[in-house]
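>>> Would you be able to build a 3D model of this:
(one chain, ligands or ions: 2)
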Amino acid sequence: MAIGSQVQETSISHNKNNLALGLPRTRLERLLREREIRKATKSSNDGEVEVSSTQEHGAEVELPSTQQQESFSSDSGTSSRVFNDEQDSSEPTSKARASYDACERKEFQASKQRLLVVANRLPVSAVRRDDGSWHLNVSAGGLVSALLGVKEFETKWIGWAGVAVSDEIGRKELTEALAAKRCVPVFLDEEIVQQYYNGYCNNILWPLFHYLGLPQEDRLATTRSFQSQFDAYKKANRLFANAVKEQYEEGDVVWCHDYHLMFLPKYLKEENSKMKVGWFLHTPFPSSEVHRTLPSRSELLRSVLAADLVGFHTYDYGRHFVSACTRILGLEGTPEGVEDQGKLTRVAAFPIGIDSDQFIKAVKLPQVQDLIKELQGRFVGRKVVLGVDRLDMIKGIPQKALAFEKFLEENPNWHDKVVLLQIAVPTRTEVPEYQRLSSQVHEIVGRINGRFGTLTTVPIHHLDRSLDFHSLCALYAITDVALVTSIRDGMNLVSYEFVACQASKKGVLILSEFAGAAQSLGAGAILINPWNVSEVASSIGQALDMPADEREKRHHHNFKHVTSHTSQEWAATFVSELNDTIVEAQLRRTQIPPPLRIEVAVDRFTCSNNRFIILGFNATLTEPGNTLGRKDSQIKVLEPKLRPDLQEPLRKLCNDPKTTVIVLSGSGRSVLDDNFGDYSLWLAAENGMFLRVTTGDWMATMPENINMDWADSVKNVFEYFTERTPRSHFELRETSLMWNYKYSDIEFGRLQARDLLQHLWTGPISNASLDVLRGSRSVEVRSISVTKGAAIDRILRKIVQDKGIKDPIDYVLCMGHFLTKDEDIYRYFEPEVPSETPSSSSSSSSPVTPPRTSRTAHLRRPRSMSSIVTEQDVRPPSVLDLQADNYFSCTVARERSDSRYLLRSSDEVVELLRELADHTV
Ligand SMILES: O=P(O)(O)OC[C@H]1O[C@H](O[C@H]2O[C@H](CO)[C@@H](O)[C@H](O)[C@H]2O)[C@H](O)[C@@H](O)[C@@H]1O
Ligand SMILES: O=c1ccn([C@@H]2O[C@H](COP(=O)(O)OP(=O)(O)O)[C@@H](O)[C@H]2O)c(=O)[nH]1
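Ligands and ions are numbered 1, 2, ... in the order given. Predicted coordinates:
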């Protein structure tokens with residue numbers, strides 16, 4: 001049984017036992033419950049592991065992180081860890097094999113949830129030996145380090161092995177070697193690697209996501225153009241999708257990683273919409289203003305949105321992503337994520353961590369202790385400042401060297417008492433920008449060493465290579481000050497690893513405020529702006545001179561965070577939330593009415609003789625609103641206008657003798673006059689407060705509610721917000737006031753609306769009998785008793801009386817983009833469950849919605865609407881005698897509604913009304 005189903009079963013039995021106590025209803029309740037179960041499962045598993053140390057060791061054999069005795073390659077030009085045990089790549093040693101089997105057995109017993117991790121880079125990179133066999137090295141970088149720490153799942157990795165293999169035999173053998181590591185290769189040929197990986201990923205997306213801007217077309221290096229690189233990017237993503245397809249089994253969780261695979265969620269969902277797909281970005285997501293410059297900005301966003309869950313390291317990155325989706329795609333951003341036509345893509349922050357135990361344990365190993373002593377001897381009498389980075393422009397290595405130079409310049413007393421050790425792991429060496437960076441760093445380091453070095457010492461030890469794991473741990477452990485100067489960095493795990501190895505030394509972390517880690521380790525670290533060389537230089541001085549008690553306090557703070565926010569926790573939380581996103585989506589779907597089947601509505605229409613069509617106006621009969629808020633809105637007139645393509649069908653319907661058309665809108669009389677003055681229909685303005693047939697005069701349907709004593713104070717507030725919110729406007733109607741920000745900057749408008757609501761709820765009208773209603777881009781204030789449902793009874797009576805209708809009304813279509821408050825109109829026509837005692841229900845004023853299943857019930861009379869309706873009014877117009885199958889209540893473009901059916905947009909309204917019009921006489 002997979003962990004997922006285990007959790008489910010546990011929650012089900014919990015639910016069964018606790019029905020009376022209540023089900024975990026909200027997402028948060030469910031996630032908290034999952035977390036509890038996870039913790040309980042983990043502590044019971046931990047107990048099991050401790051029974052046998054062999055098993056524990058074995059558990060780590062599965063993937064090549066700490067498991068084997070490993071050393072990092074000393075080959076310059078590679079950034080990989082190399083296994084000492086040459087057999088390891090395909091054939092584990094017998095001890096390792098036994099442990100591995102034990103681990104497998106244990107895993108089988110626990111039966112973990114299957115997880116397909118799809119990342120550009122596999123945790124191992126392959127190197128072909130001269131004899132054609134394969135050697136596997138652990139790949140470098142934070143993504144691999146973190147994912148190697150994930151052990152709670154039955155994980156399979158799908159990715160690129162870092163090498164082009166063109167021959168079939170080579171591919172077959174590499175596939176087999178990788179299978180032993182639970183890895184599945186995606187083969188990319190050299191041309192694709194050049195255009196997709198070196199080109200689109202690392203020369204375009206990487207710099208852009210780190211705020212370094214786009215390269216000029218003529219700096220697209222050896223690759224060709226944006227377009228050809230983008231095509232290669234999509235092609236590569238397609239190859240990853242094919243590989244997933246081959247491995248996928250029902251119930252698997254598919255976790256896509258990073259900027260290399262932004263098309264993957266879309267391709268996977270196109271193949272199988274039921275697949276659980278998550279996507280996580282390891283880099284920052286830049287401000288929407290930066291993302292906007294990317295030629296393929298929209299396609300990338302849309303493809304990612306196909307995922308069920310989208311994760312980022314920090315809230316800020318997530319916020320930028322949501323903001324890009326609202327500003328560039330015009331979609332709705334909500335606190336949960338991004339909504340597109342009722343489909344929610346959940347967006348959340350999941351800060352990554354490390355496998356802290358691995359580092360803590362490693363530092364205690366005898367061989368690491370030996371290395372520590374050796375290093376201490378080597379740097380005796382000197383404080384060690386350490387930098388560990390891939391040689392990448394985002395890591396701010398030149399800035400670091402320059403700041404260190406400044407520190408030496410300003411502090412001659414430290415000259416022979418401090419050394420900067422910089423490990424610069426070569427990376428993406430094919431990309432010209434990286435080659436340039438390498439030369440630049442060498443030049444700066446050479447200059448500083450020339451300036452401050454002596455015959456026996458140099459101030460900067462710069463290594464263009466990677467280190468083996470134990471050497472790295474030893475280095476972390478002897479360090480006095482870790483210096484992280486990234487100019488942008490998704491998280492930066494080096495800072496975490498340093499903290500984990502500092503249990504005894506309690507050194508100081510200087511951390512760039514532009515690394516994601518600043519949000520988690522900021523309180524314990526000295527935060528710096530790497531561009532401010534003087535500030536970094538003085539921080540180095542502050543760190544070197546920091547008193548022990550302050551160092552300890554800072555260290556404890558960080559240590560606690562690093563050991564509690566581990567990579568295991570990170571993955572478990574992500575997967576748990578992904579599982580829950582599916583549950584949530586199902587719950588949401590039950591609140592969305594089914595789409596209207598137009599042919600059924602038309603069929604019932606043709607079979608009926610006395611039809612009423614009640615139509616909302618705004619966002620129902622008007623042009624679809626401009627949501628992009630940029631280009632088009634300037635020329636838009638603020639008054640809503642009837643869609644031109646509706647004029648003809650509407651006229652036909654109005655002229656049909658068997659059909660009565662009513663436009664029932666929140667808009668004022670003049671707006672309806674302007675749009676519908678020359679049609680033959682009924683107009684109900686201000687939510688039904690005013691009514692007229694287009695050949696007659698306006699009359700008030702509920703004069704008792706026309707009391708606007710409160711309006712002045714609300715008007716003041718609306719004026720204030722209109723002045724301060726560009727392109728917003730307000731409408732002073734006869735019975736209500738509406739502030740509208742649909743043409744404003746969406747995010748700013750929403751913030752302003754929040755302020756406005758806060759003010760209205762607590763301020764001038766807090767004690768009045770008014771409703772403050774929040775629309776999707778508006779705030780409206782009106783009397784509590786005014787609703788479309790409250791007005792419809794009187795409207796209907798008036799029309800029946802005026803037209804002298806005698807035949808039963810046998811068809812009602814009532815549709816609009818109505819606020820929840822106005823959805824009482826749908827309930828008005830809704831058939832009631834037949835009542836034994838009609839008189840008793842006739843006195844009921846409770847607007848309970850009958851279940852949708854009661855469609856065959858017969859409408860006997862409308863509900864009484866509210867206390868303002870007189871006893872005489874409560875009696876229904878005798879002609880309203882509606883079979884449930886002939887009633888179509890229909891929300892337009894709302895995700896949740898009490899209506900029976902849904903039309904997704906006003907385009908679908910056009911389609912429906914055209915069809916109906918074609919069936920008039
Ligand atoms: O695979 P490469 O092209 O050699 O690059 C190595 C990795 O670099 C990036 O790492 C990021 O992920 C870390 C963990 O989440 C994070 O701490 C760091 O800030 C990021 O830079 C890249 O995102 C990975 O895909 C690469 O594998
Ligand atoms: O010689 C080395 C030095 C470092 N690392 C690892 O590379 C990762 C760097 O991750 P980070 O998040 O700091 O940045 P990234 O390189 O992913 O951008 C860390 O886990 C280091 O332990 C490595 O594999 N080989």
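>>> So for stretch 299-315, mean pLDDT?
Per-residue pLDDT over stretch 299-315 has a mean of 97.
>>> hang on, R914 packs against L650?
No: when contacts are counted by Cβ atoms under 8 Å, R914 is not listed as touching L650 (9.8 Å). Where C-beta positions appear, they are placed from N, C-alpha and C, glycine not excepted.
>>> Between the two, which is the more surrounded one?
Taking neighbours as other Cβ atoms under 10 Å, R914 and L650 compare with L650 leading, 25 against 17.
>>> Next, the contact list for that one, please.
Listed by Cβ atoms under 8 Å, 6 or more residues apart in numbering, the contact set of L650 reads 621, 642, 661, 679, 681, 913, 917.
>>> now swap in N618 and tell me
640, 665-667, 817.
>>> and if you look at P726?
744-745.
>>> Also near ligand 2: which of the contacts of L650, exactly?
Counting by Cβ under 6 Å from any ligand atom, nothing from the contacts of L650 sits close to ligand 2.
>>> Sort out for me which of those residues are in strands.
Members of those lying in strands (criterion: DSSP state E): V661.
>>> Need the max-distance pair from the contacts of L650.
Farthest apart among the contacts of L650 by Cβ to Cβ are L642 and A917. That separation is 14.5 Å.
>>> S356 reaches W570, doesn't it?
No: S356 is beyond contact range of W570, at 11.7 Å (criterion: Cβ under 8 Å).
>>> what stretches of the protein score poorly on pLDDT?
Within the chain, the stretches with pLDDT under 70 are 1-25, 41-111, 217-224, 625-638, 705, 831-878.
>>> What residues does it have near ligand 1?
Residues of the chain lying near ligand 1 (Cβ under 6 Å from any ligand atom): 121, 141-143, 146, 258, 282-283, 352, 427-428, 489-493.
>>> Now for the residue of the stretch 601-750 of the chain found nearest ligand 1: which residues touch it?
Relative to ligand 1, the nearest point of the stretch 601-750 of the chain is E747 (26.5 Å; Cβ to the nearest ligand atom). Going by Cβ under 8 Å, 6+ apart, E747 touches 323, 326-327, 333.
>>> what about the residue nearest to the spatial centre of the chain, which SS state?
Centroid-nearest residue in the chain, with Cα atoms, centre = their mean: V347, separated by 1.9 Å. With DSSP: H, G, I helix; E, B strand; the rest coil as the basis, V347 sits in strand.
>>> Identify the bridge partners of it.
On the basis of DSSP bridges, V347 is bridged to V310.
>>> so it sits right up against S323, yeah?
No: V347 lies out of contact with S323 (Cβ under 8 Å); the separation is 10.6 Å.
>>> ok, the helix or strand containing L737: who's next to it in the sheet?
When elements are assigned from DSSP states H and E, L737 belongs to strand 736-740. With DSSP bridges as the test, strand 736-740 is paired with strand 729-732 (antiparallel), strand 778-783 (antiparallel).
>>> Give me the buried positions along the longest one.
By neighbour count, with 16 or more other Cβ atoms under 10 Å as the criterion, the buried positions of strand 778-783 are 778-783.
>>> and if you look at stretch 905-920?
For stretch 905-920, the neighbour count (16+ other Cβ under 10 Å) marks 906, 908-910, 912-914, 916-917, 920 as buried.
>>> For the stretch 151-300 of the chain, which residue gets nearest to ligand 2?
Scanning the stretch 151-300 of the chain for the residue nearest ligand 2 gives H282, at 6.9 Å (criterion: Cβ to the nearest ligand atom).
>>> Pop out the phi and psi values for that residue.
Main-chain dihedrals, H282, degrees, to the nearest 10: phi -90, psi -10.
>>> Please look at N610 and V812 and confirm they touch.
No: counting by Cβ under 8 Å, N610 stays clear of V812, with 9.9 Å between them.
>>> Going by secondary structure, V117 is in what exactly?
Taking DSSP H and E as the definition, V117 sits inside strand 114-121.
>>> Check the offset of whatever helix or strand comes next after that strand from the chain's centre.
Downstream of strand 114-121, the first helix or strand assigned by DSSP H and E is strand 124-128. Distance of strand 124-128 from its chain centroid, counting by Cα atoms, centre = their mean, to the nearest Å, is 34 Å.
>>> so what's the residue of the stretch 251-400 of the chain found nearest ligand 2 up against?
Of all residues in the stretch 251-400 of the chain, R390 sits closest to ligand 2, at 4.1 Å by Cβ to the nearest ligand atom. Shown in contact with R390 (Cβ under 8 Å, 6+ apart): 79, 140-141, 424-427.
>>> Quickly check those for the two that are furthest apart.
Greatest spacing in the contacts of R390, by Cβ to Cβ: G141 and A424 (13.6 Å).
>>> Please enumerate the helices of the stretch 551-700 of the chain.
All helices of the stretch 551-700 of the chain, identified by DSSP state H, counting those that start in this stretch, fall at 567-591, 598-606, 644-655, 669-676.
>>> can you count the residues close to the residue lying closest to S296 once chain neighbours are set aside?
Nearest residue to S296, sequence neighbours excluded (Cβ to Cβ, 6 or more residues apart in numbering): F230, at 5.3 Å. Counted by other Cβ under 10 Å, the residues lying close to F230 total 21.
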